[in-house]
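In: Okay, predicted coordinates and the sequence, questions at the end:
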Amino acid sequence: MSHELGIDPPVAAATEPARQRQQAETTRTHVWIRFLLRRTTRMIISMFIIVTVAFFVVRMSGGDPVRDALGPTAPMALVEQRRAELGLDAPLLNQYLHYLFGLLQGDLGSSFITGQSVSSVVAERLPKTLALGFIAVVVVLIVAIPLGLIIAVLTQNGRRRLTEFSFSGLTGLFLSIPEYLLAVGLVVLFGIMWPVLPIAGSDSAAAYVLPVIALGAASSALIARIARVEGLKVLGQDYMRTARSKRLPKTTLYFKHALPNMLTAVLTLGGTTLGGLVAATALVEQVFNWPGLGYTLIQSISARDYNVVVGVAVVYATLIIVINLMVDVLLAALDRRTALLEI
Amino acid sequence: MRPRFLRTIFSSPLRAFASLALLALIVIAVIGPAIWGVEGDTPNPTTLNAPPGGDHIAGTDALGRDVLARVLAAGQISLLMALSATAIGVVLGTLLGAVPVVLGRRSQRILASVLSTWMAFPVLLVALFITILLGPGTVTAVIAMGLTMTPSFGRFMQTLAAEIESADYVVAGRMLGIRRGRLFRRYILPNISEPVLVYVTISIGNALLAMSALSFLGLGVQAPNYDWGRMLGDALPNVYTSPWAALIPGIAIVFAGITFGLAGEALASLSRNRGGAARPPRGVPTPQSPSAMETSATRLNQGNESNTEAHLVSGRSLDGEPLLSVRHLSVHYPTSDGWVSPVRDVSLTINRGEIVGVVGESGSGKSVTSMAINRLITNPGQVQARQLSFDGIDLLGIKEKDLRAKLGSRIATIFQDPMTYLNPALRIGTQLTEVLEGRSTRAEARERAIAGLKELRMTKPAERLNQFPAELSGGMRQRVLIAMAQIADADLIIADEPTTALDMTVQHHVLAALRKRCRENGSSALVVSHDIGVLVELCTRLVVMYAGRIVEEISVEQLLRQGPAHPYTEALLASLPTLETPVDKPLVTLPGQPPHPGETFSGCAMAPRCPFSTDECRTVLPQLELVRPATKAACLHPRNHAIASTERQNLDIA
């Protein structure tokens, strides 16, 4: 290995390095393609399992959705007729296969209650949930990671015990208030006692403020904490001493030299939190009457609207899988030494 | 042992509060049901929804039961549920996440897909499904919660383990054929246990909150039993008329959550401090106050006074004022056993254009000295000196925020370890050129970086700029570190073991480049090394350190002509193999170990290892004084041909 010694190898050197580099780049591209292929395959398998589990569990949950939909006074014959229309009189396996075929054509069935197709329900509700979830994720990352790093810088080497204590206390507080309690609290505080922000609907930009806070507070607190712990680790590294010896401006020192090195660990944890955040939209949408998927999910669970429950659950699951994949792609791109690409 | 444990806990308010709160929770959980159980279960129709006050400090609920008694009695089941759920999550998560690392790629992939599928289920849905299958109840809620927590644990463990897996020591362990179980227990687990512990503690709090949500929805604890979540759920419909019944369990939940969160933080801070100081001793460290040293110096150097501050003849600066002037420098670090001083009473000057070498065994304080000179000792380390000035800048008094403006990169450091001193996340080019930011254009900086690398015989310098440190070999990284310091155009280059990772040919070349730079630009250098041979070749003057002190300062010329004055320097030279060294005999070594920085001596630190030491050596601290032209030594019996022979005779007689 000529470059190990660092001395120019004789004559052949001119073409050799270029070819080596090209080879290295091709290998790297191959690794990426294999990684993405593998993950996509896995995603499809995951989706299949989720559809199956969701389908059977919901069907086994007991109760009679048709009777519930038509009301206790409806005649028996009508109930039977409706059941036949919905295909609910067929054996479970047939129902399942029928559902799978429909799914492949993008047909998620239709609501037992309103008759509306589940696909159109999803198409109508998904954008609202996506907007809420996406904004919350971005806000969480932009707020929490720099905050954690700044606190790490301030509390380095056991300095500023009071700051450390307040930070732990405040993040602990936000971590200890369940989303539903925080949402209710925010409604009481900013909707009733000091009515400055809308507490229902999704029509204005201001309407996003409270749901995003309710959704993001706990995740922000968790990620900020992780970011502080990771930040302290990074600040103690030798390369930070190198950077300090260059007398760089503080912002360069911390945001250019320290931040990239703590992102891997923070995002690993952050990723799972962000998936959870998307799921938590279900609870928060409930409180703020947000016309999104989560609201629909809870409504359809209580109404035993099978097709809607399974359809929405599958869409939710897809969202979370996609977020996980995005985090992994980001992690693999950020940290070249990790074995993630190989998994 | 015990008082130390308590001291560790109470040394930070965070730890103290977390410990006390945790203790309170545990006490309530243990004794709660026995003491307040009956009172909390007794309905009283005469005091329905009574507001706080009188007999009921926290009021009563819709059935007239005392809210406070109920909250205290419910602590046990709330905590037990959270702990059990976390235990399930941790065990399953570890199995799924960390163990596959030692099983190989294939099972790793399968398990990773299991995890991501699992995690794709919304928490609420998992709990709902499990409740549908098992029927609502306490056990169901615990299992549901545990299973919900499993994938995040698994994923956390997986990533941690993936990072560890590519670490050299695991690769080495695998190559050594260490069994899988042992590899996991001894190599992987200890290295991920710290973040895991923090995560687990925080998760207990999270589990408690999530369980409360399940009970709140009616899926957890069933009546007539109750936990905090159930109390909250039962009270929420009446929240506008009797808020206390919801408020008190809400506070309990939040309090428990905070306690576990703080405990996690406290654990993290504790493990960060492990092996170091739990708490730095308060007050200014005064192991040896400068004034005390002054008196002893005066006393010991009677008649020699004028010599102590005299510059060495060979090292006299051209314009009179030295570039760097260090007087009585000490560095102190706190440990759990008090302050240690890796550098004690070091005085040193470097003139313009001069290359000074610092030599000594590891732990002699040479690296710490060089860091102190460049103001890189950070809290909790303390630097003390009578004088620390660089080209008229008082490095001792200058504020941290003025360093950039006043000092900039005029002192550049070449750090010791090429594997850890380069930032793994930034490209070589960025790291090389950023000192020039604001001084020259991007293109110019790039040109200089390429020239700098070329000068150090790096192959393909232009391509290196776009690479990351991980893509370079150790020797190349070391040269990047050297180039980084040279690009800065520093007036003083501090080189800490600059050539350790280089093979002999490259080492020779790199040192030549350093010497050339000093000669052409008039920069000075302070070169730290354990290898006295390298320094003799490179420097004009040598400083020999032992146990944090300078024991000898000698011009290389004198050293070569007359030999060293201090027995330690003599031993260092004797340990150097030369071409004449017989290969069949073991190399000369100095017996014994250098003292630990925490040790204190009344006499010479070298005395226990020195073949010429006398009783006086063990009681009197020798001062650095001129013993020969251009030679200062801190030794009561300096090596000198004339003196040495009488010395030897004396020893023989004794």
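Out: Nice, thanks for sending it over.
In: where does the stretch 151-300 of chain B come near chain A, residue by residue?
Out: Counting by CB under 8 Å from any CB of the partner chain, the positions of the stretch 151-300 of chain B adjacent to chain A are B:151-152, B:155-156, B:158-160, B:162-163, B:165-166, B:195, B:198-199, B:202, B:205-206, B:209-210, B:212-213, B:216, B:250, B:253-258, B:261-262, B:264-265, B:268-269, B:272-273, B:279-280. Where C-beta positions appear, they are placed from N, C-alpha and C, glycine not excepted.
In: among those, which are in helices?
Out: Members of these lying in helices (criterion: DSSP state H): B:151-152, B:155-156, B:158-160, B:162-163, B:165, B:195, B:198-199, B:202, B:205-206, B:209-210, B:212-213, B:216, B:250, B:253-258, B:261-262, B:264-265, B:268-269, B:272-273.
In: Pull out the buried residues from stretch B:192-207.
Out: If you call a residue buried by 16 or more other CB atoms under 10 Å in any protein chain shown, then stretch B:192-207 has these buried ones: B:192, B:194-207.
In: The stretch 351-500 of chain B: helices as residue ranges?
Out: According to DSSP state H, counting those that start in this stretch, the stretch 351-500 of chain B carries its helices in the segments B:366-373, B:403-406, B:428-433, B:442-455, B:461-464, B:474-487.
In: so where's the stretch 201-343 of chain A uncertain?
Out: In the predicted model, the stretch 201-343 of chain A carries pLDDT under 70 at residues A:269-272, A:302, A:335-343.
In: with the buried residues of stretch B:192-207 in mind, which one is nearest to A:Ile223?
Out: Sorting those by how near they are to A:Ile223, with CB to CB, puts B:Ile202 at the top with 11.8 Å.
In: The closest one: what's it in contact with?
Out: Neighbouring residues of B:Ile202 by CB atoms under 8 Å, 6 or more residues apart in numbering or on different chains: A:Leu175, A:Leu222, A:Arg225, B:Phe260, B:Gly261, B:Gly264.
In: mind giving me JSON lines with those and columns for neighbour count and distance to A:Ser166?
Out: Converted to JSON lines, the contacts of B:Ile202 look like this (neighbours: other CB atoms under 10 Å in any protein chain shown; distance: CB to CB, whole Å):
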{"residue": "A:Leu175", "neighbour count": "26", "distance to A:Ser166": "15"}
{"residue": "A:Leu222", "neighbour count": "25", "distance to A:Ser166": "17"}
{"residue": "A:Arg225", "neighbour count": "28", "distance to A:Ser166": "13"}
{"residue": "B:Phe260", "neighbour count": "29", "distance to A:Ser166": "18"}
{"residue": "B:Gly261", "neighbour count": "27", "distance to A:Ser166": "13"}
{"residue": "B:Gly264", "neighbour count": "25", "distance to A:Ser166": "16"}
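In: Columns distance to B:Tyr333 on top of those, output as a markdown table?
Out: Compiled in a markdown table, these are given as follows (distance: CB to CB, whole Å):
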| residue | distance to B:Tyr333 |
| --- | --- |
| A:Leu175 | 35 |
| A:Leu222 | 34 |
| A:Arg225 | 28 |
| B:Phe260 | 33 |
| B:Gly261 | 31 |
| B:Gly264 | 28 |
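In: Identify, from the residues you listed, the entry nearest to B:Val536.
Out: Nearest to B:Val536, judged by CB to CB, of the contacts of B:Ile202 is A:Arg225 at 53.0 Å.
In: could you say what helices and strands whichever helix or strand the closest one is part of packs with?
Out: Applying DSSP states H and E as the criterion places A:Arg225 in helix A:209-235. On a contact count with 3 or more CB pairs under 8 Å, 6 or more residues apart in numbering or on different chains; DSSP states H and E, helix A:209-235 meets helix A:118-154, helix A:161-175, helix A:179-186, helix A:259-288, helix B:189-216, helix B:244-273.
In: now check whatever helix or strand comes next after it, is it near chain B?
Out: Tracing the chain past helix A:209-235, the next element assigned as helix or strand by DSSP H and E is helix A:238-245. Yes - for helix A:238-245 and chain B, the contact criterion (CB under 8 Å from any CB) is met by A:Asp238, A:Tyr239, A:Met240, A:Arg241, A:Thr242, A:Ala243, A:Arg244, A:Ser245.
In: How about the contacts made by the fifth one?
Out: The contact partners of A:Thr242, taken as CB under 8 Å, 6+ apart, are B:Thr413, B:Phe415, B:Tyr421, B:Leu422, B:Asn423, B:Gln431, B:Leu481, B:Met484.
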